[in-house]
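Student: With the sequence up front, the predicted model follows.
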Amino acid sequence: MSSAAPLTSGMVGLGNMGGRIARRVRDGGRAIAGFDVSEEQAARSGVDTVPSVGALFAAADVVFFSLPDSQVIEKVVFGETGALASSRERQIVVDLSTAAPSSSARIHAAFAERGVEFVDAGISGGAAAAEQGSLTIMAGGSPQALDAVRPILDTFASRIYHMGAPGSGHVAKLLNNFLNGVSLAATAEVMVAARKAGLELAQLLDVLNHSSGVNFATLNRFPRIVEGDYLEGGLTGNLMAKDVQLYLDLARQLEVTSLAGPSCLGAFHLAAALGYGDQISNRVVDALGDISGGVRLQD
């Protein structure tokens, strides 16, 4: 892999985030190909595709993962014809997924034995930031490997942080996603209560956004939700529940007592039980509304 020439790249996973990121890389003038087990998702991504993970590793200097969870990542990595078996010395693998840090550390060690750098790079900002190229990246692993791929990361991220040792990027991502889930679930509860109390919701959001209750959900989610736009296409309720569970697993490993975690997880489990699991996580407000007398925020 020559530092004098632009690195070629590949993306394993062309869903809501992976497809958008791959397009940003392509539109930034850098060569990228992709692979997805879903032919529909691969076609929808609009980027050039290859028929297998092995073909992607044969062609690319840098391979990104954008996959649902550690179980899927480990299957991709450790499968008989998967990423590890197909990798070659001096490649760099960058995992943009939300994953268990302990799994990420194991994968880092496995790739290191083949002379491959593995960077666990949690991302934040959602689909809109991916479209705009303004994602935040929190990365663990070799700072040299991170610097080598930084020109590619710059096509889709506006802030890049090196968090430390292998796994630390995914630790930071779980901490962030837990706070995201808590603020969404708590704000959903508050908005249902406000509706039942007869408050004007747009005015309440203005109050909250200029008061100590301000958070990402009050600023960016609920001004749209009260107008009927749930921002479809982002993180589903089931994936949010997965992320909160990963945080709880991490807290247990660290011997940190989580008081807010179980109730937050319960909110998204409720949403799944009521049929909202595969819809955007913002629909948790409708789940809470359902069990509060059929409340909807919209007029």
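Tutor: Nice, thanks for sending it over.

Student: can you list the domains in this protein?
Tutor: Using automatic domain parsing, the domains assigned to the chain come out as 9-166, 172-290.

Student: Tell me which of those sits most buried.
Tutor: By mean neighbour count, with neighbours taken as mean count of other Cβ atoms under 10 Å, domain 9-166 ranks first of those at a mean of 20. Yep, even glycine has a C-beta here, placed from its N, CA and C like the rest.

Student: start to end distance for that domain?
Tutor: With Cα to Cα, to the nearest Å as the measure, domain 9-166 spans 21 Å from end to end.

Student: still on that earlier bit, can you list the domains of the chain in a markdown table and add mean pLDDT and distance to Leu297?
Tutor: Supplementary listing: the domains of the chain in a markdown table, determined by pLDDT from 0 to 100; distance: least, Cβ to Cβ, whole Å:
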| stretch | mean pLDDT | distance to Leu297 |
| --- | --- | --- |
| domain 9-166 | 96 | 20 |
| domain 172-290 | 97 | 5 |
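
Student: want to throw those into CSV with distance to Asp299?
Tutor: As requested, the domains of the chain are arranged in CSV below (distance: least, Cβ to Cβ, whole Å):
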stretch, distance to Asp299
domain 9-166, 25
domain 172-290, 9
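
Student: So which of the ones you listed is nearest Gln298?
Tutor: For the domains of the chain, the distance to Gln298 is smallest for domain 172-290, at 4.9 Å, taking Cβ to Cβ.

Student: what's the longest helix in this protein?
Tutor: helix 168-197 (DSSP state H).

Student: Run the chain-centre distance for that helix.
Tutor: Mean-position distance between helix 168-197 and its chain equals 15 Å (Cα atoms, centre = their mean, to the nearest Å).

Student: and if you look at stretch 93-112?
Tutor: Relative to its chain's centre, stretch 93-112 lies at 15 Å (Cα atoms, centre = their mean).

Student: Arg296 is nearest to which of the domains of the chain?
Tutor: With respect to Arg296, and counting by Cβ to Cβ, the nearest of the domains of the chain is domain 172-290 at 5.7 Å.

Student: distance between the ends of the closest one?
Tutor: First-to-last residue span, domain 172-290, Cα to Cα: 33 Å.

Student: Could you do stretch 134-151 as well?
Tutor: The distance separating the two terminal residues of stretch 134-151, taken as Cα to Cα, comes to 14 Å.

Student: One more: stretch 221-230?
Tutor: Distances were taken as Cα to Cα; on that basis the terminal residues of stretch 221-230 are 8 Å apart.

Student: Then stretch 70-87?
Tutor: The first and last residues of stretch 70-87 sit 19 Å apart, counting by Cα to Cα.

Student: Report all helices and strands that the helix or strand containing Gly34 contacts.
Tutor: Following DSSP states H and E, the helix or strand that holds Gly34 is strand 32-35. Using 3 or more Cβ pairs under 8 Å, 6 or more residues apart in numbering; DSSP states H and E as the contact criterion, the secondary-structure elements in contact with strand 32-35 are strand 9-12, helix 16-27, helix 39-45, helix 53-59.

Student: Give the partner strands of the shortest one in its sheet and their orientations.
Tutor: Think strand 9-12. The partner list of strand 9-12 in its sheet, established with DSSP bridges, is strand 32-35 (parallel), strand 62-65 (parallel).

Student: for those strands, which one sits closest to Ile225?
Tutor: It's strand 62-65; of the strands paired with strand 9-12, that one is closest to Ile225 (Cβ to Cβ) at 30.8 Å.

Student: contact partners of the closest one?
Tutor: When contacts are taken as Cβ atoms under 8 Å, 6 or more residues apart in numbering, the neighbours of strand 62-65 outside the stretch itself are 7-13, 18, 21-22, 56-57, 73, 76, 83, 91-97, 148-149, 152.

Student: ok and the helix or strand following it relative to helix 168-197, angle-wise?
Tutor: The C-terminal neighbour of strand 62-65 among helices and strands, as given by DSSP H and E, is helix 70-78. Between helix 70-78 and helix 168-197, the angle formed by their directions is 150 degrees, by axes from the mean of the first three to the mean of the last three Cα atoms, to 10 degrees.

Student: His162 is in contact with Leu146, isn't it?
Tutor: Yes. In this structure, His162 sits in contact with Leu146. The criterion is Cβ atoms under 8 Å, and the distance is 5.5 Å.

Student: which residues are in contact with both of those two?
Tutor: With contacts taken as Cβ under 8 Å, 6+ apart, the residues that reach both His162 and Leu146 are Ala139.

Student: which outside residues touch the strand holding Gly34?
Tutor: Strand 32-35 is touched from outside by 8-14, 18-19, 22, 25-26, 42, 45, 47-53, 55-56, 59-60, with contacts defined as Cβ under 8 Å, 6+ apart.
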